[in-house]
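[1] Got a predicted structure plus its sequence, pasted below:
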Amino acid sequence: MRYPRTATLIAMLALAMLAMVPTARAQNTVGTITQIQGVANIQRGAQNLVVVTNMPVLLHDRIVTQPGASLTIGLLDNSSLQLGSSATLSIDESVLINGVGAPSKVGLLGGKLHSLIVGAMRGSTTTFEVHTPNAIGAVRGTEWDTDYEEGNTRGDKYKDCRRFTDFDVQDGTVQVCNTDTPPDCEECHVGHRCTFACGAFFLDGESAAAGAGAGGGLGLGAVVIGGVIVVGGVVGGLAAAGGFDGGGGGTPPPPGTPSK
């Protein structure tokens, strides 16, 4: 009698484990592929999956788009992430909002990401962060582009730096930080382009002029080094201040509480 009873218990345990798999996957789901153009792949553990419409996106997925490709990840409450051509995005951390999984921290290792954060994801108790190798953008509710590139210089203005993160804000405010320890953080407002060249912060081009006119306080060609604003003649100052030493590289603590 003992053997049939043991076999029954084993069978019941196996069924319980199988039932747990869909539940665990549901808890790890943070979004869904709603649009795909061209070819993209999801690296999920040892798997390399071809992206198709309606595919779930899970915590710890790494999504890679090929040249000319783009995709959209639909999130909670019509929030979305749009990944551009030749880009790599990792889903690093997630949070449950009203019982539904959503990404709370993503890593942009190359290319361009358009983030639209609305609805419950922009609540006062949640924060969404985009990390690149040399910068962090943190918000509670906004729409903005993050663009990371490395390998090429951008002329004498940025000296020998070869790592750039650009933030272009279409709505709301993004708190942007470098990866120093502790990090230097600034606010990037709507209509502005904020750039981290290695570890130095710039507000340049038309966005800088608009920022000064809107009371942002930073003029054209302004740079912030260690919390000090320098205007004009910044190249020599950057070199002296170590602004192009790679921008840190340590893992920063989480940014301070960002503004809406």
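    Thanks, I have it. Residues are numbered from 1 along each chain as shown.
[2] So Ile42 is in contact with His60, correct?
    No. The criterion here is C-beta atoms under 8 Å, and Ile42 misses it with His60 at 10.5 Å. Quick note: C-beta positions are derived from backbone N, CA and C, even for glycine.
[3] Tell me which of those two has more neighbours.
    For Ile42 versus His60, the count of surrounding residues by other C-beta atoms under 10 Å is larger for Ile42: 22 against 14.
[4] tell me which residues in whichever helix or strand the more buried one is part of are buried?
    Per DSSP states H and E: Ile42 is located in strand 40-44. By 16 or more other C-beta atoms under 10 Å, the buried positions in strand 40-44 come out as 40-42.
[5] Counting by contacts, list what it packs against.
    Other helices and strands packing on strand 40-44, by 3 or more C-beta pairs under 8 Å, 6 or more residues apart in numbering; DSSP states H and E, are strand 47-50, strand 62-65.
[6] Return it as CSV; C-alpha atoms alone will do.
    Output of strand 40-44 as CSV, limited to C-alpha atoms (Å, rounded to 0.1, in the frame of the first residue of the first chain):
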residue,chain,number,x,y,z
ALA,A,40,14.7,41.9,-33.3
ASN,A,41,15.6,39.3,-30.7
ILE,A,42,14.9,38.6,-27.0
GLN,A,43,17.8,37.0,-25.1
ARG,A,44,16.0,35.1,-22.3
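[7] any idea of the mean pLDDT in it?
    Summarised as a single mean, pLDDT over strand 40-44 is 98.
[8] who touches it?
    Strand 40-44 is contacted from outside by 48-51, 55, 57-58, 60-66, 69, 71, 83, using C-beta atoms under 8 Å, 6 or more residues apart in numbering.
[9] Buried subset of those residues, written for PyMOL?
    Buried residues within the contacts of strand 40-44, by 16+ other C-beta under 10 Å, are selected in PyMOL with:
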select buried, resi 51+55+57+58+61+62+63+64+65+69+71+83
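[10] which residues of this protein fall in helices?
    Assigned by DSSP state H, the chain shows helices spanning 2-28, 205-213, 234-241.
[11] picking that back up, what are the pairing partners of the strand holding Ile42, and which direction each?
    Paired neighbours of strand 40-44 in the sheet (DSSP bridges): strand 47-50 (antiparallel), strand 62-65 (antiparallel).
[12] any chance of these in CSV, plus mean pLDDT and distance to Thr126?
    Below are the strands paired with strand 40-44 laid out as CSV (pLDDT from 0 to 100; distance: least, C-beta to C-beta, whole Å):
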stretch, mean pLDDT, distance to Thr126
strand 47-50, 98, 28
strand 62-65, 98, 22
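[13] can you list those strands in JSON lines and add distance to Ile97?
    Putting those into JSON lines (distance: least, C-beta to C-beta, whole Å) gives the following:
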{"stretch": "strand 47-50", "distance to Ile97": "26"}
{"stretch": "strand 62-65", "distance to Ile97": "21"}
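[14] so where's this structure shaky on pLDDT?
    Residue ranges of the chain with pLDDT under 70: 1-27, 124-125, 204-260.
[15] remind me, longest strand of it?
    strand 100-116 (DSSP state E).
[16] who does that strand touch, helix- and strand-wise?
    The contact analysis (3+ C-beta pairs under 8 Å, 6+ apart) places strand 100-116 against helix 2-28, strand 29-37, strand 80-83, strand 88-97, strand 128-132, strand 143-150.
[17] Neighbouring strands - and their directions - for the second one?
    Sheet partners assigned to strand 29-37 using DSSP bridges are listed as strand 56-58 (antiparallel), strand 70-74 (antiparallel).
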